[in-house]
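pasting the structure only:
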């Protein structure tokens, strides 16, 4: 009887312990999230912007460069190529591109505003690599050819994905900001996204919670595939890193904020500031091998992006 009573008491104690709040685990989760650097703050480097510094893509558009000031960052830099949205110029993304460059990236962007097929981004990659080998270019000796990523907004996001798929693993990663629903893409621009992503690459899919052009999730069960960020996320083949999320209250053009939305701007509700921290964290993790940046995207619900109240519809396959 004494043994039975002891067993009952121990069982009751175990049950009571299981009902207590798991404050230790919660604190550990918060600690891991806090350990991620604050990439929403400006980076350590001053940035120089060189307008129309390079010529040219296949449509004869010049390239702008966003570069850490030489001397402050003399090492070879990871390269990010950017794709503009419809009818947009690089100036529309000036705040975002400056911010990325301030964290130690060389950013090259064409003036192409019809970038959905990805060709002008591919041209930008080849231009940057060639210019890095020239003695009189601002890019001379500054590009790490093994650390290249692509990113873009709206149809430029489609261009980034198409460039990633076309280069057969030469690019490491892509960021797609407000990638349009497939039904809104021109014929041939979106059909293979993201099905042809090379093994070992990754994609960060971000949009706004109010974006009807790139909605976070399917509008209804009868929608065909690829009509939302979630549909694109679900279609990423196995063996590729993937994360998605929606900035709460943002619409389709918030990424063009400087950082706030311009007066009477269409499709901009809160501006670009909410995006930049996670864009840079992704690039730091993917292109700079910054192990402290990766925990922002842990998929067990304890990554910083999951805990951030400014983000909804967060999904990730990234494990600790």
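Looks like it came in fine. Fair warning: this is a prediction, and the values are worked out from it, not measured in the lab.

CA only for contacts and neighbour counts going forward, please
OK.

buried set for stretch 42-60?
Using 16 or more other CA atoms under 10 Å as the test for burial, stretch 42-60 gives 42, 43, 45, 46, 47, 49, 54, 56, 57.

JSON lines please, covering those residues and showing secondary structure, distance to residue 106 and pLDDT.
Rendered in JSON lines, the data for those read as follows (DSSP: H, G, I helix; E, B strand; the rest coil; distance: CA to CA, whole Å; pLDDT from 0 to 100):
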{"residue": "42", "secondary structure": "coil", "distance to residue 106": "15", "pLDDT": "97"}
{"residue": "43", "secondary structure": "coil", "distance to residue 106": "13", "pLDDT": "97"}
{"residue": "45", "secondary structure": "coil", "distance to residue 106": "11", "pLDDT": "96"}
{"residue": "46", "secondary structure": "coil", "distance to residue 106": "12", "pLDDT": "96"}
{"residue": "47", "secondary structure": "strand", "distance to residue 106": "10", "pLDDT": "97"}
{"residue": "49", "secondary structure": "strand", "distance to residue 106": "10", "pLDDT": "98"}
{"residue": "54", "secondary structure": "strand", "distance to residue 106": "14", "pLDDT": "97"}
{"residue": "56", "secondary structure": "coil", "distance to residue 106": "17", "pLDDT": "97"}
{"residue": "57", "secondary structure": "coil", "distance to residue 106": "18", "pLDDT": "98"}
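
For those, please prepare a markdown table with the additional fields distance to residue 245.
Below are these laid out as a markdown table (distance: CA to CA, whole Å):
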| residue | distance to residue 245 |
| --- | --- |
| 42 | 22 |
| 43 | 23 |
| 45 | 28 |
| 46 | 29 |
| 47 | 28 |
| 49 | 30 |
| 54 | 34 |
| 56 | 34 |
| 57 | 32 |
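
what's the closest of those residues to residue 163?
Distance ranking of those against residue 163, using CA to CA, places residue 57 first at 13.8 Å.

The closest one against residue 124, yeah?
Yes - proximity of residue 57 to residue 124 meets the contact threshold set by CA atoms under 8 Å, at 6.7 Å.

Now do the shared contacts for the two.
Each of 63, 110 lies in contact with both residue 57 and residue 124 under the rule CA atoms under 8 Å, 6 or more residues apart in numbering.

that older thread, among the buried residues of stretch 42-60, which one sits closest to residue 291?
Taking CA to CA as the measure, residue 43 is the one of the buried residues of stretch 42-60 closest to residue 291, at 17.0 Å.

So the closest one is in contact with residue 97, correct?
No - the criterion here is CA under 8 Å, and residue 43 misses it with residue 97 at 11.9 Å.

Tell me which residues are up against the longest strand along the chain.
Longest strand in the chain by number of residues (criterion: DSSP state E): strand 143-153. Counting by CA under 8 Å, 6+ apart, the neighbours of strand 143-153 from elsewhere in the structure are 76-85, 106, 121, 128-129, 132, 157-161, 163-164, 170-179, 255, 283, 287-288.

Off-centre distance for it?
Strand 143-153 has its C-alpha centroid displaced from the chain centroid by 12 Å (CA atoms, centre = their mean, to the nearest Å).

Relative to the whole chain's centre, how far out is the helix or strand following that strand?
Following strand 143-153 in sequence order, the next helix or strand is helix 155-166 (DSSP states H and E). Taking CA atoms, centre = their mean, one finds the center of helix 155-166 at 13 Å from the center of the full chain.
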